[in-house]
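**Q** only geometry, no sequence info:
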Ligand SMILES: Cc1cc2nc3c(=O)[nH]c(=O)nc-3n(C[C@H](O)[C@H](O)[C@H](O)COP(=O)(O)OP(=O)(O)OC[C@H]3O[C@@H](n4cnc5c(N)ncnc54)[C@H](O)[C@@H]3O)c2cc1C
Ligand code: FES
């Protein structure tokens, strides 16, 4: 029996390998051309120490100097010793280049472009080979003929038949213009990825998802992944946008609510002149029950000012969630605007 192991490197690059239950992760990685830093290979030095984000495994044998009981209880592992007992997600404490690997490149075809509202477009890619990724991650897509790339988070779940994306239509934006004016079914695009450390961890406690605008995309991917394994804990989404016309994919969210028994959600529109009944920012709609006294995993994604405002709200309110993951949809640094 073999399992799928995702190796998420320090720089966000993620590679997937297949590891038989009888093999150590380090050996299976080596066979796949990925050299996780190793020294003794014997559980004695701790050089191969990594962190298991999700999944079950047999830890193997090692000495306390290499991995303490406390570290093992936290989820640290020795890849030269561990053998998988389920699919795994491992955080490798080194950049991909130090492990003689890098981000993978793929060619795809535009399958469809759908205008969801005057401000938001979705598009899907047909892939030559299925792309493995962790729900919440993104790829860097090249704008054909420009030599420039833009980052987009998958809105579809891993394993879905097509890769889907949700994009804010920025007037005169390079990728926005390409997608809305030039892209047609069959247009070829290149991308690299998956990348990113903003991905859904094993659901061990209530989850609060906070989206700003198209920051909804990776959270839709996470909800899609939850369909495959419905969480036993409550999951709540607060989805905030600026204007009525930015509110999209509502039917898709309602579909998740119908299929996921523990999932609830609300939306809000910031503009005071909005027709939508819930006005204001996402923080107005976070209830004490969603925070579960701090025992909650928070996933936050949106434009940089929104992400910063929500982080400030948490700090100023003295709320310290058990885990807090966020992704900022910063404009490309080519425009010098990264936050
Ligand atoms: C990790 C990551 C994931 C991302 N995922 C997504 C995603 O799933 N969906 C998505 O829509 N975007 C996402 N983005 C943002 C995306 O990469 C692009 O920056 C965005 O789509 C604009 O690209 P463009 O080529 O159309 O505009 P550009 O040509 O890059 O920009 C044109 C002009 O518009 C300004 N601008 C850029 N973005 C904005 C904005 N949001 N609001 C106002 N002005 C802006 C620029 O500074 C520039 O002056 C992500 C960014 C990161 C870093
Ligand atoms: S390489 Fe020394 S403990 Fe794994």
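**A** Done, it's in. Model, not experiment: these values are computed from the prediction. Ligands and ions are numbered 1, 2, ... in the order given.
**Q** Ligand 1 contacts on the stretch 151-300 of the chain?
**A** 151-153, 165-168, 170, 172-176, 214, 217 (Cβ under 6 Å from any ligand atom). Backbone N, C-alpha and C define where each C-beta goes, glycine included.
**Q** do that again at 5 Å, thanks
**A** Applying Cβ under 5 Å from any ligand atom, we find that the stretch 151-300 of the chain lies next to ligand 1 at 151-153, 167-168, 170, 173-176, 214, 217.
**Q** Going through those residues, which ones are buried?
**A** Buried by 16 or more other Cβ atoms under 10 Å: 151-153, 167-168, 173-176, 214, 217, out of those.
**Q** Closest one of the residues you listed to residue 243?
**A** The shortest gap between residue 243 and any of these belongs to residue 168, at 11.7 Å (Cβ to Cβ).
**Q** Quick check: beta-bridge partners of that closest one?
**A** Applying DSSP bridges to residue 168 gives these bridge partners: residue 120.
**Q** What pLDDT is listed against it?
**A** For residue 168, the model assigns a pLDDT of 97.
**Q** got the contact list for it?
**A** By Cβ atoms under 8 Å, 6 or more residues apart in numbering, the residues touching residue 168 are 119-120, 176, 213-214, 246.
**Q** Same list, the residues you listed, but as TSV with pLDDT please.
**A** Below are those laid out as TSV (pLDDT from 0 to 100):
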residue	pLDDT
119	97
120	98
176	96
213	97
214	98
246	97
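**Q** Quickly check those residues for the two that are furthest apart.
**A** 176 and 246 (14.1 Å).
**Q** quick one: terminal-to-terminal distance for stretch 186-206?
**A** Distance between the two ends of stretch 186-206: 42 Å, counting by Cα to Cα, to the nearest Å.
**Q** And stretch 231-251, by the same measure?
**A** End-to-end distance for stretch 231-251: 21 Å, by Cα to Cα.
**Q** again, but for stretch 7-18
**A** Start-to-end, stretch 7-18 (Cα to Cα) is 11 Å.
**Q** For that stretch, list every residue counted as buried.
**A** Quick answer for stretch 7-18 (16+ other Cβ under 10 Å): 7-9, 12-17.
**Q** Do any residues in that stretch lie close to ligand 1?
**A** No: Stretch 7-18 does not reach ligand 1 (Cβ under 5 Å from any ligand atom); its nearest approach is 8.8 Å.
**Q** tell me which of the buried residues of stretch 7-18 is nearest to ligand 2?
**A** Proximity of these to ligand 2 (Cβ to the nearest ligand atom) peaks at residue 7, which lies at 15.0 Å.
**Q** any weak-confidence spans in the stretch 151-300 of the chain?
**A** Along the stretch 151-300 of the chain, segments meeting pLDDT under 70 are nowhere present.
**Q** Name the residue of it that lies nearest to ligand 1.
**A** Per Cβ to the nearest ligand atom, residue 173 is where the stretch 151-300 of the chain lies closest to ligand 1, at 2.3 Å.
**Q** And that residue, how close does it get to residue 121?
**A** In this view, residue 173 and residue 121 are 11 Å apart by Cβ to Cβ, to the nearest Å.
**Q** neighbouring contacts of stretch 72-79?
**A** 24-26, 29, 36, 38, 43, 46, 48-53, 57, 59-60, 62, 66-67, 90, 92.
**Q** Just the buried ones from the residues you listed?
**A** Burial by neighbour count, judged by 16+ other Cβ under 10 Å, picks out 24-26, 29, 36, 38, 43, 46, 48-50, 52-53, 57, 60, 62, 66-67, 90, 92 from those.
**Q** how about residue 109, secondary structure?
**A** Here residue 109 is recorded as strand under DSSP: H, G, I helix; E, B strand; the rest coil.
**Q** Spell out which helix or strand contains the one residue sitting closest to the centre of the chain, please.
**A** The residue lying closest to the centre of the chain (Cα atoms, centre = their mean) is residue 136, at 1.8 Å. If you go by DSSP states H and E, residue 136 is not part of any helix or strand.
**Q** quick one: which of the contacts of residue 168 is nearest to ligand 2?
**A** Ligand 2 lies nearest to residue 214 out of the contacts of residue 168, by Cβ to the nearest ligand atom, at 41.7 Å.
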